[in-house]
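1. Model the structure of this input:
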Amino acid sequence: MTYPEKLVDINYIKMATSFSRTRIWQLEKAGQFPQGRRLTKRCVRWLESDIQSWVRGEWEAA
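-> Numbering: from 1, shown residues only. Coordinates of the predicted model:
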């Protein structure tokens with residue numbers, strides 16, 4: 001049985017990376033961090049697997 005990808009919020013990313021919200025968005029804008037998925041106007045989530053890959057140094061920009 002396969003499960004859908006887990007979506008995580010900015011607080012999860014801040015804990016996983018020790019980066020501020022601003023630094024995360026700077027890296028994302030520069031293409032050095034996984035892109036978030038906008039669910040609503042004020043709600044952005046990231047794939048947990050992308051964040052874990054980035055933390056391990058295995059993530060590559062598409």
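2. which one is the most centrally placed residue in the chain nearest to, not counting chain neighbours?
-> The central residue of the chain, meaning the one whose C-alpha is nearest the mean C-alpha position (CA atoms, centre = their mean), is residue 46 at 4.1 Å. With CB to CB, 6 or more residues apart in numbering as the criterion, residue 46 has its nearest non-adjacent residue at 4.9 Å, and that residue is residue 36. All C-beta atoms are positioned from the backbone trio N, CA, C, and that covers glycine.
3. Check which helix or strand residue 11 maps to.
-> helix 10-17 (DSSP states H and E).
4. Kindly report the same for residue 46.
-> Counting by DSSP H and E, residue 46 is found in strand 43-47.
5. Low-confidence stretches in the chain?
-> Judged against pLDDT under 70, the low-scoring parts of the chain cover residues 62.
6. which residues touch the residue nearest to residue 46?
-> Going by CB atoms under 8 Å, 6 or more residues apart in numbering, residue 36 touches 28, 44, 45, 46.
7. Can you verify my assumption that the residue nearest to the centre of the chain contacts residue 16?
-> No. Contact between residue 46 and residue 16 fails when scored by CB atoms under 8 Å: they sit 10.0 Å apart.
8. What separation do you get for residue 2 and residue 39?
-> 22 Å (CB to CB, to the nearest Å).
9. Likewise for residue 13?
-> Taking CB to CB as the criterion, residue 13 is separated from residue 39 by 15 Å.
10. Compare those two (neighbour count), which wins?
-> A side-by-side neighbour count of residue 13 and residue 39, using other CB atoms under 10 Å, places residue 13 first with 23 against 10.
11. residues contacting the more buried one?
-> With contact set as CB under 8 Å, 6+ apart, residue 13 has these partners: 19, 24, 46, 51.
12. how does it look with 10 Å?
-> Contacts for residue 13 (CB atoms under 10 Å, 6 or more residues apart in numbering) come out as 19, 21, 24, 28, 33-34, 36, 45-46, 48, 51, 54-55.
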